[in-house]
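>>> show me the folded form of this:
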Amino acid sequence: MRRLTAAALAVAGALTLAGCGGSGGSGGGADLSVDSAYMPQPVSDMAAGFLTITNDGDTGDRLTSVTSDLGEVTVHETVDGAMQEVEALDIPAHGSLVLESGGNHLMFEQLKQRPKQGQKVAVELRFDRSDPVTVEIPVKPATYTPKTGH
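Presented below is the predicted three-dimensional model:
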């Protein structure tokens, strides 16, 4: 019985690891992590979200969409001071995608409620190649500016 359990765990572990690498060639896939996430407390029915997605893998990926129970979420880029919705943003191999105030960011619209400072907003980040990642974004004061990272 122990051998059967150990074998089942080994197979389950191998399948889990196989799914973590994303699609890629012999060099490996994307290896994504998310940090520095925050949302300034919204003052209207719109809000912005900021975070950094780091790719330690050998294959680039793309952030293609974001969903949240809070409302509609779109991905925006800022070029020459003008923001516009985009279909995707690149996450280079061995690099990062930084979503920051004044730059690329997440835009929350038609909020079902306005989260307050200290609460967290769950979002699911979807990618071109990698499995979705769920992130809890902490709500900061409306005037919050990060000291490091962004």
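>>> name the element the most centrally placed residue in the chain belongs to?
Nearest to the centroid of the C-alpha atoms of the chain, with distances taken as C-alpha atoms, centre = their mean, sits residue 125, at 4.4 Å. Assigned by DSSP states H and E, residue 125 belongs to strand 120-127.
>>> not counting that strand itself, show me its contacts.
Outside of strand 120-127, the residues within contact range by C-beta atoms under 8 Å, 6 or more residues apart in numbering are 22, 30, 32, 34, 39, 49, 53, 61-70, 73, 91, 106, 108, 115, 132-139. To be clear about C-beta, it is placed using only N, CA and C from the backbone, and glycine gets the same treatment.
>>> which parts of it are buried?
Neighbour-count burial for strand 120-127 flags 121, 123, 125, 126, 127 (criterion: 16 or more other C-beta atoms under 10 Å).
>>> pairing partners for that strand, with directions?
With DSSP bridges as the test, strand 120-127 is paired with strand 61-67 (antiparallel), strand 133-140 (antiparallel).
>>> just these: most buried one?
Sort the strands paired with strand 120-127 by mean neighbour count, taking mean count of other C-beta atoms under 10 Å, and strand 61-67 sits at the top with a mean of 19.
>>> got the angle for the next helix or strand after it vs strand 61-67?
Next in sequence after strand 61-67, counting helices and strands by DSSP H and E, comes strand 72-79. Using axes from the mean of the first three to the mean of the last three C-alpha atoms, to 10 degrees, the direction of strand 72-79 lies 140 degrees away from that of strand 61-67.
>>> which strands and helices sit next to strand 72-79?
Packing partners of strand 72-79 (3 or more C-beta pairs under 8 Å, 6 or more residues apart in numbering; DSSP states H and E): strand 61-67, strand 82-85, strand 105-109.
>>> and the next element down the chain from the shortest one?
If you walk from strand 82-85 toward the C-terminus, the next helix or strand you reach (DSSP H and E) is strand 89-91.
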